[in-house]
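**Q** Any chance you could fold what I've pasted below:
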Amino acid sequence: PQIFLLSLAYWEPYDEIYTSLIDQLSNHAEIKRAKSANSAITFLENENPRAVIVTDQDLHDNKNKHVFDKVVSWARGGGTVIVGLSFCGFTIPTEFKNFFSSFGLPWTRGDYHRTNFQFNPSLTLPPVMQSSLSAPYSMKVLHVDKARPEEKLYIPVDGARIQSSVFAADPVNDPTQAAVAGAKIGQGDLLYIGGVNGEEGSHEITMRFCGL
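**A** Residues are numbered from 1 along each chain as shown. Alright, predicted model coming up:
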């Protein structure tokens, strides 16, 4: 199978954070990558990858609207789109909202901190087996807000507290926000993974949704 990395704001140092994920993907699939709009369009018009991973923020730049429209159309036609990696750290609130609105979702940018998360048993979208994913684990994430209960894949554990070497271990401000969320988009699926530090648990989620 092919996995397509869409990296329109590619910057090599950020790949170092996600070396483990890229290595794991490479061990099970053929990795293709586009760093320009033209190469992205050419690939999506001629190939049908197992999943498209949006690795950074430039897909929603106005100059790349034709690429974004192609990705949305590809998802609606049955493709799997995974959004995460550097996207989480470089997307401002209005861009975050507009990005997911293009997929017909009301999701907005949530809080940013580390805490412990657990699998949400209410999840119905996208289909995934809980036994194939990690037990509760710690993630530093840019949360997603306003996802429906059945769209939330990983949510704060009961009594979750902020984990920080600088700030107090206060209770999480809004436990309804999710670290990972997924939704049905037409015939396809969209997954948002908010982890910013390349934790292995997040890599495992990515691998499962790539069908690997």
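**Q** three-state assignment of the residue nearest to residue 109 when sequence neighbours are not counted?
**A** Ranked by Cβ to Cβ, 6 or more residues apart in numbering and with sequence neighbours excluded, the top spatial neighbour of residue 109 is residue 96, at 3.9 Å. (Each C-beta comes from the backbone N, C-alpha and C, glycine too.) What DSSP: H, G, I helix; E, B strand; the rest coil gives for residue 96 is helix.
**Q** Does residue 96 touch residue 112 like I think?
**A** No: contact between residue 96 and residue 112 fails when scored by Cβ atoms under 8 Å: they sit 11.4 Å apart.
**Q** In terms of neighbours, single out the busier of those two.
**A** Residue environment comparison for residue 96 versus residue 112 gives the larger neighbour count to residue 96, 23 against 13, counting by other Cβ atoms under 10 Å.
**Q** Enumerate every residue touching that one.
**A** 107-109 (Cβ atoms under 8 Å, 6 or more residues apart in numbering).
**Q** where do the strands sit along the chain?
**A** Secondary structure of the chain (DSSP state E): strands located at 2-6, 30-34, 51-54, 80-83, 108-119, 137-145, 152-156, 180-185, 188-193.
**Q** Of the contacts of residue 96, which qualify as buried by neighbour count?
**A** When the contacts of residue 96 are checked for burial by 16 or more other Cβ atoms under 10 Å, the buried set is 107-109.
**Q** For the nearest residue to residue 211 once chain neighbours are set aside, give me its contacts.
**A** Excluding its sequence neighbours, the residue lying closest to residue 211 (Cβ to Cβ, 6+ apart) is residue 50, at 5.5 Å. By Cβ under 8 Å, 6+ apart, residue 50 lies in contact with 1-3, 29, 80, 210-212.
**Q** export those residues to CSV and tack on neighbour count and pLDDT?
**A** Rendered in CSV, the data for the contacts of residue 50 read as follows (neighbours: other Cβ atoms under 10 Å; pLDDT from 0 to 100):
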residue, neighbour count, pLDDT
1, 13, 94
2, 14, 97
3, 25, 98
29, 19, 97
80, 22, 96
210, 21, 92
211, 12, 88
212, 15, 87
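**Q** got TSV for these, with distance to residue 102 too?
**A** Listed next are those as TSV, based on distance: Cβ to Cβ, whole Å:
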residue	distance to residue 102
1	26
2	24
3	22
29	27
80	17
210	22
211	24
212	27
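**Q** Output the longest helix belonging to this structure.
**A** With secondary structure taken from DSSP state H, the chain has its longest helix at helix 65-76.
**Q** Can you tell me which helices and strands that helix packs against?
**A** Helix 65-76 sits against helix 37-46, strand 51-54, strand 80-83, strand 180-185, strand 188-193, with contacts defined as 3 or more Cβ pairs under 8 Å, 6 or more residues apart in numbering; DSSP states H and E.
**Q** quick one: buried residues of that helix?
**A** Of the residues in helix 65-76, those with enough neighbours to count as buried (16+ other Cβ under 10 Å) are 67-68, 70-72, 74-76.
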